[in-house]
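*Asks:* sequence first, predicted model second:
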Amino acid sequence: MPASLDVLRGAKEIADFLNTTPARIYRLHRERRIRTFMEGATICARKATLMADIERQEATK
């Protein structure tokens, strides 16, 4: 997948992808519980990174 298509920009896009709320994304970002990065003032995340983290968590259960 091209890197530009893999990037989720904004808490709403990330929240929609993870089926949660933007408020929870802001909290997880602030607590560094999800791997995100900033583009200016916008929280961003890569789909592949989020999916890899979920797969890693599933494997440890």
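*Replies:* Looks like it came in fine. Numbers count the residues shown, from 1 in each chain.
*Asks:* what lies in contact with stretch 45-60?
*Replies:* For stretch 45-60, the surrounding residues in contact (C-beta atoms under 8 Å, 6 or more residues apart in numbering) are 1, 3, 6-8, 14, 17-18, 34-37. For the C-beta atoms, the positions are set from N, CA and C on the backbone; glycine is no exception.
*Asks:* quick one: buried residues of that stretch?
*Replies:* Neighbour counts over stretch 45-60 (16 or more other C-beta atoms under 10 Å) mark 45-47, 49-50 as buried.
*Asks:* surely Ala52 forms part of a helix?
*Replies:* Yes: applying DSSP: H, G, I helix; E, B strand; the rest coil, one finds Ala52 inside a helix.
*Asks:* state the distance from it to Lys12.
*Replies:* Separation of Ala52 from Lys12 (C-beta to C-beta, to the nearest Å): 22 Å.
*Asks:* without its sequence neighbours, what residue ends up closest to the spatially most central residue of the chain?
*Replies:* Among the residues of the chain, Ala45 comes closest to the average C-alpha position under C-alpha atoms, centre = their mean, at 4.3 Å. With sequence-adjacent residues excluded and distances taken as C-beta to C-beta, 6 or more residues apart in numbering, Ala45 is closest to Thr36, at 4.7 Å.
*Asks:* can you check Ile34 too?
*Replies:* In space, and not counting its chain neighbours, Ile34 is closest to Leu28: 4.5 Å by C-beta to C-beta, 6+ apart.
*Asks:* what about the helices in the chain?
*Replies:* 3-6, 11-18, 22-30, 47-59 (DSSP state H).
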